[in-house]
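**Q** Here is the input, now give the coordinates:
(chains A, B, C, D, E, F, G and H, ligands or ions: 12)
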Protein chains: 8
Amino acid sequence: GFAKIDHHREMRKGFPEVIFCQGKTPQQVKEIALHMHKNGSNVLGTRSSKHHFEAVKEAIEEADYYEEARIIFIRNTVVNKAKGIIGVVAAGTSDLNVAEEAAVTAELLGNTVKRFYDVGVAGVHRLIDKLDEIRQCSVLIAIAGMEGALPTVLGGLVSSPIIAVPTSVGYGANFHGLSALLAMLNSCACGVSVVNIDNGFGAAYTASLINRIGES
Amino acid sequence: GFAKIDHHREMRKGFPEVIFCQGKTPQQVKEIALHMHKNGSNVLGTRSSKHHFEAVKEAIEEADYYEEARIIFIRNTVVNKAKGIIGVVAAGTSDLNVAEEAAVTAELLGNTVKRFYDVGVAGVHRLIDKLDEIRQCSVLIAIAGMEGALPTVLGGLVSSPIIAVPTSVGYGANFHGLSALLAMLNSCACGVSVVNIDNGFGAAYTASLINRIGES
Amino acid sequence: GFAKIDHHREMRKGFPEVIFCQGKTPQQVKEIALHMHKNGSNVLGTRSSKHHFEAVKEAIEEADYYEEARIIFIRNTVVNKAKGIIGVVAAGTSDLNVAEEAAVTAELLGNTVKRFYDVGVAGVHRLIDKLDEIRQCSVLIAIAGMEGALPTVLGGLVSSPIIAVPTSVGYGANFHGLSALLAMLNSCACGVSVVNIDNGFGAAYTASLINRIGES
Amino acid sequence: GFAKIDHHREMRKGFPEVIFCQGKTPQQVKEIALHMHKNGSNVLGTRSSKHHFEAVKEAIEEADYYEEARIIFIRNTVVNKAKGIIGVVAAGTSDLNVAEEAAVTAELLGNTVKRFYDVGVAGVHRLIDKLDEIRQCSVLIAIAGMEGALPTVLGGLVSSPIIAVPTSVGYGANFHGLSALLAMLNSCACGVSVVNIDNGFGAAYTASLINRIGES
Amino acid sequence: GFAKIDHHREMRKGFPEVIFCQGKTPQQVKEIALHMHKNGSNVLGTRSSKHHFEAVKEAIEEADYYEEARIIFIRNTVVNKAKGIIGVVAAGTSDLNVAEEAAVTAELLGNTVKRFYDVGVAGVHRLIDKLDEIRQCSVLIAIAGMEGALPTVLGGLVSSPIIAVPTSVGYGANFHGLSALLAMLNSCACGVSVVNIDNGFGAAYTASLINRIGES
Amino acid sequence: GFAKIDHHREMRKGFPEVIFCQGKTPQQVKEIALHMHKNGSNVLGTRSSKHHFEAVKEAIEEADYYEEARIIFIRNTVVNKAKGIIGVVAAGTSDLNVAEEAAVTAELLGNTVKRFYDVGVAGVHRLIDKLDEIRQCSVLIAIAGMEGALPTVLGGLVSSPIIAVPTSVGYGANFHGLSALLAMLNSCACGVSVVNIDNGFGAAYTASLINRIGES
Amino acid sequence: GFAKIDHHREMRKGFPEVIFCQGKTPQQVKEIALHMHKNGSNVLGTRSSKHHFEAVKEAIEEADYYEEARIIFIRNTVVNKAKGIIGVVAAGTSDLNVAEEAAVTAELLGNTVKRFYDVGVAGVHRLIDKLDEIRQCSVLIAIAGMEGALPTVLGGLVSSPIIAVPTSVGYGANFHGLSALLAMLNSCACGVSVVNIDNGFGAAYTASLINRIGES
Amino acid sequence: GFAKIDHHREMRKGFPEVIFCQGKTPQQVKEIALHMHKNGSNVLGTRSSKHHFEAVKEAIEEADYYEEARIIFIRNTVVNKAKGIIGVVAAGTSDLNVAEEAAVTAELLGNTVKRFYDVGVAGVHRLIDKLDEIRQCSVLIAIAGMEGALPTVLGGLVSSPIIAVPTSVGYGANFHGLSALLAMLNSCACGVSVVNIDNGFGAAYTASLINRIGES
Ligand SMILES: Nc1ncnc2c1ncn2[C@@H]1O[C@H](COP(=O)(O)O)[C@@H](O)[C@H]1O
Ligand SMILES: Nc1ncnc2c1ncn2[C@@H]1O[C@H](COP(=O)(O)O)[C@@H](O)[C@H]1O
Ligand SMILES: Nc1ncnc2c1ncn2[C@@H]1O[C@H](COP(=O)(O)O)[C@@H](O)[C@H]1O
Ligand SMILES: Nc1ncnc2c1ncn2[C@@H]1O[C@H](COP(=O)(O)O)[C@@H](O)[C@H]1O
Ligand SMILES: [Mg+2]
Ligand SMILES: [Mg+2]
Ligand SMILES: [Mg+2]
Ligand SMILES: [Mg+2]
Ligand SMILES: [Mg+2]
Ligand SMILES: [Mg+2]
Ligand SMILES: [Mg+2]
Ligand SMILES: [Mg+2]
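**A** Ligands and ions are numbered 1, 2, ... in the order given. So this is what the prediction gives:
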């Protein structure tokens, strides 16, 4: 009884409440998941370790685990497919976890996702090579650590809105993602808005809301 | 010849390059404006003082000035009207300049705008009273200084994407907008993304891109 | 002999000195506890691990341990019951430890405590549902991490003083509780004062002093 | 029509809405004041310059100005007198404005106030000399800049709750009040809670709520 | 007699001591300049206002002033021309002062300078258009404010060393140049080193040393 | 051969070079110690773990270890006794390691040391009780974490110079000692100077230099 | 009557209370000065503008003003001369005000002072040239802005205690003196302790206490 | 297929792409290394643990590991030897890893390297003793933690460009390298530019580019 699950929101937003597993015990996550599952909701758990998953799996056979994305998912109702494509554009190999958190979340929320990985701006031709495909997306999620320049360069090349995700990848004057965060907030490109450091989930949720504007 | 104006972008994004007037001399702003004007572009200048406007007005008779929004505008081509509504929701009277920068920018970019001002969360009934109207908007811009809680409370009540704008309104441990900025980046509501402190223009530009998704 | 225990304070404030266990060895905690115990004081140890407790338990049979609250307690004298109620209002499941530290401390100091957990502002109806009960409290302790908006929203709905406790729950631009701390210090609601990040104990102690004003 | 005044709050909390004048034009302040005045509310404006006052005075003859406190006040209804005393304890001459903001606010909210000024801890005998008088207060407001040690020393000497107000007085590594703010948040004394840097008003409002607990 | 001028350095480095005028009185700058001038040194004053220049001009007829660069110069000995070209690449119109400080300093130190202004990365084609010319430079100085992405993108396109200069151009989460500084220090491109915020002079001095390596 | 030991300094300052063990391997520490030992110097190693000590002990039989102080010492020459007393005043039990590092260092450098522990300012009578003894010291080292008020209160009560040592003891808005550091730098008491967070060694070294002024 | 002057301190420390003029009105400074003057104390006012001085001068004919040091002084009792010399060592011309504040304060407190100005470490021979004279001082005050390296280099060359004063001289990543402050706190030289940014007065006061150790 | 290796860069810059191993799994590093190796590139992996190396070694027999430098290297093509010397100057024993990362990288990139270790400025004679040798280098890399003064002192003594590397060596107010970073960015010596904290690799890459200027 320690967690009041917000069933209003599912109706209001078309998506279930989401469990942020980090900092919860496997036992706590299992109980929340069970409660939502019995209610017939889709269950989505982010930042979950294998231990979280194992506890849930024990109780709910059909639970799935996306390892790189660190996501637990249990399907109970089918979400209708959104029309537009969400593009997930990531700067480096080290940003993989955050990128997968974004991509998998977006897919589970019913969107078609295209991944464009390892197209960091220090070799801008890699981004330009992919431009035609990238321009077909309705919304873009741009993920980068270190100097966080990717959303700015992207913003000058496309005309869709960009959700920028700074990552904590780097060291020293990176200050755990501060450098990328500040760079993205100060982007001189138009159409860029920013979510928390490493928040792939939040970016995907927002992108999905945007991708579904106009649905009734 | 000191500024290379980016005419590609107008074609790419459907909107003209924008002049950030702050830190430029009135003379510099006038020259850039004139160059764009002769090219037949719409000219939009943000963060412009009266001095900037006067310099531009001297050279271009049809220039307009939105005082509270601190915006110069010269219409040269008509932008077609977007379908959805952009709601501009602001917490306090002191956030007025930023709110107007957002609202006027969104209007000039061809959107219908509804203003919901002075609905700060310390009196949450003020927000709830407006909820029906707010829920009719496709995209929301939520503007707040100090503790920056507005986008979070709003995010729990609506299902449209929210662009959050922290303002530098406050003093002391506000640290020129840092408190609101961090609060918004850490919002536990879903669907919130953030732009720079006081960046009403950027929020409106992004909101307009979102509002026009699906246009061809 | 390494710690001078402050027996004046017990007389002055009606409550014993408190042992902050974190950073002390189990052996040190045991010795301080024993010394206080022999003096006939109630012994309260905060931030204690199980190891601390075990060392104390070995020496003092009647010692109790509150696991979620991380508190050791040994009752030696009975404190008279205060009249008003202290309400402990917490935003999320992850704030549980801090909330329990506050609630248990307040109880041990002789107060009646009501717990209102998982009523975070991203689903403001959860808070509003509890309002009648919350309004019956004399003093409120409001606990939240991430964007720390709970005390502000609460402050607009009640007329009792609120002690706000920011927690370090979150990640990225949360900066270990800084986001919630700054948000609470900048609250635009009246009647909110703030204690250190994760300081459930300090909030409860202050709330108890307030709850006992006017006792003689 | 730009500001929705929160009349609920007066009923709820027994005190009127308060105007934060800083950052508003004299014209805006006058309009809000007039609106509240016509409603029969007491009008309290903080951080007001002489210019703000003059604009209000022009429209409302009976407006008063407390220069050191930077407060505008217009009495419309009488508040009943609270029983306990609020003590305002300030460390240095330079903290005078903040101390007066606290003291005058507390008085206008119907409290008896005692001022203890220039009792900074670098000469602790000054504080100890006043101790008997200070101990007669129900609630204390402790105001200090620089190293902000006053509330801690006070907290060891009294048994009433203390609202600590860090001030921006100082230079260099004071970082505009950060040193005093952090010191107060980390106070090793019990019973201390903290408000924003220079927030004399907020401290007084909270102190007044505490001083009135148990009133019906 | 208050300033010991470092004549060793001229011999050691081939360039004179430099006067940092900001924070000095015009009188102080004049005296230092006169002393150096009488010694037969070239005199270079940076961050000089018109007032500084006028004081110097009064005493030394042949003094020159570069207004945009805010530089005073008095030629006494001719420096031999360096072979390579120094390219000064700047992101925006607002970075002009810093860019000119760099360009003029480099010229006065005997280098051929090419200016590439307003080639910010939010319109990356502007940079790519200039690439052939940029690649002919031996050393590059890359100047940018806001998100500071220019040196990174440049670093992926050229093979000469890049001295990056963050500027304080921007607002809000720019924190007076911090965003660009951190971005540049965290550049994922190779061959980029960084000088202080707005330090056009320092970048040019370093670039000149590099450009003259191998001279005897 | 990787460390050039500074034998000049021993002659110059009357004390040997000191090994900062933290971050060095036991093997590195042993080699440096051996080299100094063979030279006939006294060897002092700070921040040494037991592992460091064991490595040194293996090679140099007469090495001593002060566990709470985390100091290795090998006596080779006798230092003459200084006249004055150094007082080490510490606020809480948790500051013990830093206090011992200071006290032991001062003793090894030939000073008479008096320890005054657990006299934190939240119970100022504890400090006042010890005042007569404290006033007999020539130099004081004042050690405190959290709000770091001890040196300020002490500075108002004594007339000897005070070396203040902030400690990292605390949590939350303590930010690893920042709160105490800033408080001490902003002390409104005269005669206080500050060393790095947790730097008991540095405080003792400085205190010893002061205590020996006038020796020939 | 707003300021309780601390006459105890004069007796205790041998020096009068000091007025920090900055942030006080000329009228307030005059009143405090008069009160002290009538008591027969020496009056020392720091950070005083000409306006402060003029107000004091009007009331007390014999008041003196040290312009570069920004100090007001009124002699009422003669302090006996200390034996040792205090050396004031400053890095650059721009540090002059802070250096003079230190030097004049030390002189007024009865010490012999030697000034060593413009001996910054970027031309280390300037410092080495003065070494013989510097080594004759009992205590050193080392003043530097920007990278703040002077006390470290000095600390390796002398055997007297060094009080380091960081100055706010610089720009950009200097962050108003933070760079020099952190550098000095992290000095790898022994015998260095630090006071607040720009606190020439505090350094001199401490140096004077040290210089008088052993006096009876 | 998760990493797009940038073969253009090898041609463009004369050096291969570099693998930043930290934060990648041994498996990921092995795959990237293999791919580059098969392409005939030289393979350079930085920040690699022994685990990374072992995974690579298993797949590519000729892989080498430089333990102190934490570098994996596989030679496939010979780089022609550069003419000038790169000097690596390091302040303390604790900076060894970073210094070796710089020195080994520079060697692998085809440069002659001279190491000058343990010449920190707190014993400036150690640096001066080496000056003749240091002056024979074309480019210098200056590495220091704590107060980071080395590049400044060096900059006053030599006429070659200096790449400064702040290290995270230290504790307390060092803030993980911030003190050294800010000191280096604010160096009052000319010719100093800075790379990220602990970025020995980046310094060496830049130094190598500079050392090869003029090669064709
Ligand atoms: N990875 C994530 N990052 C940020 N917020 C999240 C994440 N996952 C879930 N959330 C949010 O956190 C809320 C759940 O918090 P809790 O009640 O503590 O489980 C959800 O409703 C989401 O809004
Ligand atoms: N108020 C604003 N805030 C943030 N960015 C802006 C603003 N106004 C204009 N911009 C951006 O700044 C660019 C112009 O910069 P500049 O070339 O310096 O005039 C525009 O293309 C916009 O992307
Ligand atoms: N959880 C806590 N958070 C903050 N302060 C505490 C806590 N527990 C105890 N204290 C305070 O720390 C003091 C004890 O410190 P010490 O002498 O180090 O044990 C007590 O008297 C309390 O004022
Ligand atoms: N614009 C500048 N930015 C940074 N350092 C400068 C600048 N101009 C001059 N300098 C340095 O500052 C030193 C002079 O400082 P000062 O003795 O105060 O005039 C010169 O030797 C240069 O190394
Ligand atoms: Mg890659
Ligand atoms: Mg309002
Ligand atoms: Mg929840
Ligand atoms: Mg005073
Ligand atoms: Mg431009
Ligand atoms: Mg204690
Ligand atoms: Mg100079
Ligand atoms: Mg060494």
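
**Q** Could you give the number of residues near the nearest residue to residue A:136 once chain neighbours are set aside?
**A** Of all residues beyond its chain neighbours, the one nearest residue A:136 is residue A:85 (6.2 Å), with distances taken as Cβ to Cβ, 6 or more residues apart in numbering or on different chains. Heads up, the C-betas are built off the backbone N, CA and C, glycines and all. Neighbourhood size, residue A:85 [other Cβ atoms under 10 Å in any protein chain shown]: 19.

**Q** which residues does residue A:85 contact?
**A** Residues counted as contacts of residue A:85 (Cβ atoms under 8 Å, 6 or more residues apart in numbering or on different chains) are A:111-114, A:136-138.

**Q** Which pair in those residues has the greatest spatial separation?
**A** Spatially, the most separated pair among the contacts of residue A:85 is A:111 and A:136, at 13.7 Å (Cβ to Cβ).

**Q** Give me the more crowded residue out of those two.
**A** residue A:111 (23 against 12).

**Q** Tell me how far the more buried one lies from residue A:81.
**A** Remark: distance between residue A:111 and residue A:81 (Cβ to Cβ, to the nearest Å) = 8 Å.

**Q** And the residue of chain A closest to ligand 3?
**A** residue A:23 (19.1 Å; Cβ to the nearest ligand atom).

**Q** So that residue lies in a helix, does it not?
**A** No - counting by DSSP: H, G, I helix; E, B strand; the rest coil, residue A:23 is not found in a helix; it is coil.

**Q** Which residue, other than its chain neighbours, is closest to it?
**A** Per Cβ to Cβ, 6+ apart, closest to residue A:23 is residue C:94, 4.6 Å.

**Q** One more: residue A:201?
**A** residue A:46 (4.7 Å).

**Q** doesn't residue A:102 make contact with the one you found?
**A** No - contact criterion Cβ atoms under 8 Å: residue A:46 and residue A:102 do not qualify, at 10.6 Å.

**Q** Pull up the overlap in contacts between the two.
**A** Joint contacts of residue A:46 and residue A:102 (Cβ under 8 Å, 6+ apart) are residue A:201.

**Q** From the neighbour counts alone, determine which of the two ranks first.
**A** residue A:102 (32 against 22).

**Q** Would you confirm that that one contacts residue A:143?
**A** Yes - in this structure, residue A:102 is within contact of residue A:143 by Cβ under 8 Å, at 6.7 Å.

**Q** Now do the end-to-end distance for stretch A:109-123.
**A** 32 Å (Cα to Cα, to the nearest Å).

**Q** quick one: buried residues of that stretch?
**A** Buried residues in stretch A:109-123, counting neighbours by 16 or more other Cβ atoms under 10 Å in any protein chain shown, are found at A:109-114, A:116-123.

**Q** between these, which is nearest residue C:201?
**A** Closest to residue C:201, out of all of the buried residues of stretch A:109-123 and judged by Cβ to Cβ, is residue A:109, at 41.1 Å.

**Q** Once you drop chain neighbours, what's closest to whichever residue of chain A sits closest to ligand 4?
**A** Relative to ligand 4, the nearest point of chain A is residue A:173 (19.9 Å; Cβ to the nearest ligand atom). Spatial nearest neighbour of residue A:173, excluding adjacent residues (Cβ to Cβ, 6+ apart): residue E:185 at 4.2 Å.

**Q** Show me which residues of chain A are close to chain E?
**A** A:91-92, A:120-124, A:146-149, A:152-153, A:155-157, A:170, A:172-175, A:178-180, A:182-190 (Cβ under 8 Å from any Cβ of the partner chain).

**Q** could you redo the last one with a cut-off of 7 Å?
**A** Residues of chain A found near chain E (Cβ under 7 Å from any Cβ of the partner chain) are A:120-124, A:146-149, A:152-153, A:155-157, A:170, A:173-174, A:178-179, A:182-189.

**Q** Strands - which of these land there?
**A** Using DSSP state E, no member of the residues of chain A next to chain E falls within strands.
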